[in-house]
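Asks: Here is my input, please return the structure:
(one chain, ligands or ions: 2)
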Amino acid sequence: MIELIQRALNHRARIAVVDEAGSYTYGDLLVASESVAFGLLAGAPSLEGARVATMVPPGFEYVAVQWGIWLAGGIAVPLALTHPDAELSYVLDDAEVTAIVAASDYFERMSRLAARRRTRVLEAGVLLKTARAGPVESPPGEDALLLYTSGTTGRPKGVVWRHSAIQAQAEIMSTAWEWQADDRALLVLPLHHVHGLINVTTTALWNGAIVEMHSGFDTAEVWGRLGSGAPTVFMAVPTIYRRLLDLWDSFGAAQQDALRATLGGMRLMVSGSAALPVGTLEAWRAVSGHVLLERYGMTEIGMALSNSYRGERIPGAVGRPLPTVEARVVDDTDTEVHEGVAGLLQVRGPSVFRRYWQRPEETAASFADGWFRTGDSVVVSEGIYRILGRESVDIIKTGGEKVSALEIEDVLRGYPGLADCAVVGLPDPDWGERVGAAVIMAGPPPTLQELLEFCRDRLAPEKLPRTLRVVDKLPRNALGKVLKPQVKELFA
Ligand code: MCA
Ligand code: AMP
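Replies: Ligands and ions are numbered 1, 2, ... in the order given. Predicted structure coming up:
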């Protein structure tokens with residue numbers, strides 16, 4: 001059996017999930033996920049690696065559906081709740097999903113999308129109540145998840161996560177950050193990414209701990225929960241810490257004192273998915289007494305580098321390789337460079353992915369002699385890694401979401417009268433980067449609002465241009481290539 005699920009048998013009576021509807025034990029989770037498996041199998045012996053998409057908000061249903069897919073031998077494909085139909089359709093087609101499990105609020109919408117494909121749609125709440133006939137006996141598959149991520153080539157790619165890699169990740173984080181069964185993790189991140197799904201939810205459940213799942217991030221609600229003293233672990237992207245700090249400033253002295261006292265009792269506060277500005281780290285230290293533990297990861301490799309749990313946490317740095325992770329820094333010929341010389345980070349180890357879904361060429365190109373090319377520039381000093389930025393200017397990180405400038409440009413080119421365009425990431429104190437679009441128009445220039453309306457049905461919210469410049473020409477080199485650093489200056 002899948003080890004994560006096997007371990008749940010040891011603490012059946014303990015609380016596993018708390019969500020807006022109530023509290024659920026590990027025993028409840030085991031029963032509900034077996035029901036889901038029965039419903040999905042519908043008499044077949046195994047799903048045999050069939051992809052099952054999920055459109056379910058964070059909560060007990062989400063976990064039960066995911067475990068049920070795994071028990072039935074399927075591969076879960078968590079969809080992003082905020083994405084428009086065009087983005088969802090792309091994933092459904094690329095992953096060749098054979099079934100979609102949707103929460104009741106999303107059932108009609110997913111049924112509409114499924115109607116154009118040969119795809120079953122099942123309602124999560126109904127599946128969870130399927131009558132069971134004995135234990136599920138499907139052999140566990142090797143592959144567990146497809147997580148979609150944008151890159152420098154083409155549309156988003158599905159990263160295939162094996163059960164063994166999920167387990168390796170959970171073990172790495174449990175060891176490095178000393179997870180305990182009496183932890184209670186506060187989840188406010190989306191569940192189609194590693195950060196919310198593996199780091200918070202799965203690692204909490206791996207340890208027999210509680211995961212308190214919220215349907216999304218709400219600044220006041222999170223302050224309320226942190227102030228309750230119940231959560232012991234909190235993980236978020238820098239944008240979230242920034243927003244919490246902004247609201248903190250509006251609190252009176254008595255409220256601040258009370259919050260400071262409860263925050264002192266938190267065991268672990270982690271930041272990741274994007275660079276944590278030192279100013280945010282320092283402001284959070286002043287507010288909470290916690291030096292945020294900054295770590296570095298990627299959808300393809302999970303968590304790779306981390307500041308120390310017990311030792312010094314170095315502002316502006318991401319620490320050392322985590323247990324079992326090997327890291328090296330190379331030049332553009334894949335030759336290792338000396339410490340202190342900036343280069344590209346490559347990583348290998350049991351938690352690193354092996355392949356993109358049905359993309360053998362991209363998979364091969366992303367490895368050098370078994371080392372995964374992260375595409376991040378780093379420098380190491382006395383064994384401590386600092387992230388310097390991305391090798392490609394076409395990768396933008398906004399609010400912890402990775403987006404591809406090229407993908408946005410492709411959509412913009414469909415705007416009536418748009419002759420050419422260049423998309424860049426513009427520095428932003430709250431979002432890390434914001435998407436900026438410079439456009440050349442052959443027809444009447446659009447307002448930002450008009451452009452947004454055009455893109456909204458076609459692109460995920462994080463990919464929408466938030467700043468617009470209409471220009472006569474784009475800066476190019478002698479070969480005609482657009483010079484993105486100079487495009488950024490157009491927005492100064
Ligand atoms: C929402 N908007 C965004 C983003 N999120 N725009 C740019 N970038 C974003 N990330 C849009 C909304 O659609 C809205 O647009 C406007 O911004 C304001 O929305 P708001 O309600 O303020 O935003 P929110 O819904 O509160 O979301 C902000 C957020 C969220 C909580 C920071 O983006 C978030 O949960 N980010 C975390 C993503 C994450 O988990 N990344 C991990 C992947 P409009 O006004 O036009 O409607 S990386 C990973 O997993 C690796 C392994 C790692 O290292 O961790
Ligand atoms: P994703 O592909 O969405 O999983 O995002 C992974 C990317 O996020 C990495 O390649 C880095 O560029 C970035 N990232 C993650 N953690 C950090 C961090 N602590 N500091 C800087 N960048 C980070």
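Asks: Please work out how many residues are found near L92.
Replies: L92 has 22 neighbours, counted by other CB atoms under 10 Å. Where C-beta positions appear, they are placed from N, C-alpha and C, glycine not excepted.
Asks: Following element in sequence after the host helix or strand of it, please.
Replies: Using DSSP states H and E, L92 maps to helix 85-94. The helix or strand immediately downstream of helix 85-94 is strand 97-102, counting by DSSP H and E.
Asks: Mind giving me the packing neighbours of whichever helix or strand comes after that next one?
Replies: Moving toward the C-terminus from strand 97-102, the next helix or strand (DSSP H and E) is helix 104-115. If contacts are counted by 3 or more CB pairs under 8 Å, 6 or more residues apart in numbering; DSSP states H and E, helix 104-115 sits against strand 51-55, helix 85-94, strand 97-102, strand 120-123.
Asks: Kindly recompute the last result at 6 Å.
Replies: Contacts defined by 3 or more CB pairs under 6 Å, 6 or more residues apart in numbering; DSSP states H and E place helix 104-115 against strand 97-102, strand 120-123.
Asks: List the contacts of the one residue in the chain that gets nearest to ligand 1.
Replies: Residue nearest to ligand 1 within the chain (CB to the nearest ligand atom): G399, separated by 2.6 Å. Going by CB atoms under 6 Å, 6 or more residues apart in numbering, G399 touches T239, W431.
Asks: State the distance from it to G316.
Replies: Here G399 is placed at a distance of 20 Å from G316 (CB to CB, to the nearest Å).
Asks: same question, K402
Replies: The gap separating K402 from G316 is 21 Å, by CB to CB.
Asks: check contacts around G316.
Replies: V278.
Asks: And it, how far from G279?
Replies: According to CB to CB, G316 and G279 sit 10 Å apart.
Asks: Now do the contacts for A53.
Replies: Neighbouring residues of A53 by CB under 6 Å, 6+ apart: V77, L79, V97, I100.
Asks: what do you get for D410?
Replies: If you count contacts by CB under 6 Å, 6+ apart, D410 has none.
Asks: Give me the pLDDT for the residue nearest the centre of the chain.
Replies: Centroid-nearest residue in the chain, with CA atoms, centre = their mean: H193, separated by 2.4 Å. Listed pLDDT for H193 reads 98.
Asks: Are we agreed that Y309 is in a strand?
Replies: No - assessed with DSSP: H, G, I helix; E, B strand; the rest coil, Y309 is coil; it does not lie in a strand.
Asks: wait, it sits on S174?
Replies: No - checked against CB atoms under 6 Å, the pair Y309 and S174 is beyond contact range at 11.0 Å.
Asks: Just want to know which of the two has more residues nearby.
Replies: Taking neighbours as other CB under 10 Å, Y309 and S174 compare with S174 leading, 18 against 15.
Asks: so the more buried one sits in a helix?
Replies: Yes - assigned with three-state DSSP, S174 falls within a helix.
Asks: Apart from its neighbours in sequence, what residue is nearest it?
Replies: Spatial nearest neighbour of S174, excluding adjacent residues (CB to CB, 6 or more residues apart in numbering): N207 at 5.8 Å.
Asks: Check the gap between the one you found and ligand 2 for me.
Replies: Distance of N207 to ligand 2, computed by CB to the nearest ligand atom, to the nearest Å: 23 Å.
Asks: give me every residue that touches that residue.
Replies: Counting by CB under 6 Å, 6+ apart, N207 has contacts S174, W179, A181.
Asks: mind running it again at 8 Å?
Replies: By CB atoms under 8 Å, 6 or more residues apart in numbering, the residues touching N207 are A170, S174, W179, Q180, A181, D183.
Asks: Show me those that map onto helices.
Replies: Per DSSP state H, helices hold the following members of these: A170, S174.
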